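> Sequence and predicted model, in that order:
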Amino acid sequence: QVQLVESGGGLVQAGSSLTLSCAASGLTFTWYAMGWFRQAPGKEREFVAGISRSSDTHYADSAKGRFTVSRDNAKNTVYLQMNSLKADDTAVYYCAADHSTVLMTTASEFDYWGQGTQVTVSS
């Protein structure tokens, strides 16, 4: 079955960097656009960044200039490099896969989800 497994979360100070990874299995990775979402306590899940099958990228305004999404098709893995972290970035981060030629930003469009990894940024 399809599995998406996130890793790389943790507790860091404001201004630090983290790189999240999401390893995919059970699917043909190159057929899927991949997205990163996050959900803070009491808030709705929100789009952070995404990368299409052809490696086009799109970012939420909150992530532009600080986060970079990339994919390694040979390793079936998508990454989210996060720099200059802020306390507002504290959330559970999820990766998701969408069997689409178009990069979507709405959570309901994605077919598969990981379990999430906690990122906590102390101010």
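Ah, there it is.
> make it CA atoms for all contacts and neighbour counts henceforth
OK.
> most centrally placed residue in the chain?
The centre of the chain sits closest to Trp36, judged by C-alpha atoms, centre = their mean, with a distance of 2.2 Å.
> That one: what's its closest spatial neighbour, skipping adjacent residues?
Nearest residue to Trp36, sequence neighbours excluded (C-alpha to C-alpha, 6 or more residues apart in numbering): Cys95, at 4.5 Å.
> Just confirm the one you found contacts Ala33, I think it does.
No - counting by C-alpha atoms under 8 Å, Cys95 sits too far from Ala33 to count as a contact (10.6 Å).
> If you count surrounding residues, which of the two has more?
Just comparing Cys95 and Ala33: by other C-alpha atoms under 10 Å the higher neighbour count belongs to Cys95, 31 against 26.
> need the contact list for that one.
With contacts defined as C-alpha atoms under 8 Å, 6 or more residues apart in numbering, Cys95 is in contact with Leu4, Glu6, Cys22, Met34, Gly35, Trp36, Phe37, Trp113, Gly114, Gly116.
> now swap in Glu109 and tell me
Neighbour list for Glu109: Asp98 [criterion: C-alpha under 8 Å, 6+ apart].
> And the pLDDT at it?
Glu109 carries a pLDDT value of 93.
> Residue numbering should commence at 47 henceforth.
With 47 as the first residue, the last one maps to Glu155.
> how far away is it from Gly96?
12 Å (C-alpha to C-alpha, to the nearest Å).
> same check, this time on Val167
Val167 is 22 Å from Gly96, by C-alpha to C-alpha.
> Looking at these two, which one has more neighbours?
For Val167 versus Gly96, neighbours defined as other C-alpha under 10 Å are more numerous around Gly96 (29 against 20).
> Contact partners for that one?
Ala79, Met80, Gly81, Trp82, Thr103, His104, Tyr105, Val115, Leu149, Met150, Thr151.
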